[in-house]
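**Student:** I'll drop the sequence and a predicted model, then ask my questions.
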Amino acid sequence: MTRTTSWRAVAALAFAAVALTGSAQNRAPTTPRLYVFNGGVLASDTSRYRLTDADVEEVSLSVASFLIVHPRGVLLWDAGAVADHERGGDIGFEQRILRRDGQERFVKLAPTLVSQLAAAGYKPSDVTYLAL
C-alpha cells in the first residue's frame with residue numbers, strides 16, 4: 001500500500017465513522033439520553049433574594065435547556081430567556097429583556113439553541129415534544 005493509498009483509506013474510514021455516528025444519533029435509543037444546553041447567563045436583581053449590593057455585586061443565574069432523547073420520543077424543555085429568532089447579537093452579547101412588570105434584565109447570550117441541537121446530532125424537526 002502506498003502512502004497516498006493509505007491516507008485515502010484512513011480518510012474513507014474516518015468519513016464512514018462520522019456518517020455512521022450521525023445516523024445513529026437520530027435512531028430511537030434503547031435507553032434515555034439527556035443533553036443540557038447552555039442558554040446564557042441571566043443577571044438578576046440582588047434584592048429579589050433579600051441581598052444587598054454590599055452582600056453580592058450581582059446574582060448571575062444560568063439559563064439552561066434540556067434535550068431528553070427517549071425511546072418514545074424527543075423532548076425539548078426550553079427554559080431559555082431569549083429565543084433564537086429574538087437574538088440581537090452573537091455569543092457573549094448582553095441582550096436586554098423586558099419583564100411583564102416593566103423591569104429589565106440582561107442575558108449574556110450563549111450559542112443558539114439550534115446550533116447546540118445540531119452539535120448533538122439533532123434538528124428542530126426531530127423534537128416530538130416541546131415544553132416551555
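**Tutor:** Noted; the coordinates are in hand. Computed from a prediction, not measured in an experiment: that's the story for all the values here.
**Student:** before we move on, what SS does the residue nearest the centre of the chain have?
**Tutor:** Nearest to the mean C-alpha position of the chain, by Cα atoms, centre = their mean, lies Phe37 at 3.1 Å. Classification of Phe37 into helix, strand or coil gives strand, according to DSSP: H, G, I helix; E, B strand; the rest coil.
**Student:** That one pairs with what?
**Tutor:** Beta-bridge partners recorded for Phe37 (DSSP bridges): Ser65.
**Student:** how many other residues sit next to the closest residue to Leu132 other than its chain neighbours?
**Tutor:** Nearest residue to Leu132, sequence neighbours excluded (Cβ to Cβ, 6 or more residues apart in numbering): Asp78, at 5.6 Å. Any C-beta I mention is one placed from the backbone N, CA and C, and that applies to glycine too. Neighbour count for Asp78, taken as other Cβ atoms under 10 Å: 17.
**Student:** And for Phe106?
**Tutor:** Close neighbours of Phe106, defined as other Cβ under 10 Å, add up to 16.
**Student:** Look up the pLDDT of it for me, please.
**Tutor:** Per-residue confidence (pLDDT) for Phe106: 92.
**Student:** What pairs with the helix or strand containing it, parallel or antiparallel?
**Tutor:** Assignment of secondary structure by DSSP states H and E places Phe106 within strand 104-108. Sheet partners assigned to strand 104-108 using DSSP bridges are listed as strand 33-44 (antiparallel), strand 94-98 (antiparallel).
**Student:** Out of those, indicate the one that is most buried.
**Tutor:** For the strands paired with strand 104-108, the largest average neighbour count (mean count of other Cβ atoms under 10 Å) is found in strand 33-44, namely a mean of 16.
**Student:** beta partners for the residue nearest to Leu132?
**Tutor:** Taking DSSP bridges as the rule, Asp78 bridges to Ser65.
**Student:** That one is in contact with Tyr129, isn't it?
**Tutor:** No - in terms of Cβ atoms under 8 Å, Asp78 does not count as a neighbour of Tyr129; the distance is 11.2 Å.
**Student:** Flag the shaky bits of this structure, pLDDT-wise.
**Tutor:** Where the chain drops to pLDDT under 70, the residues are 1-27.
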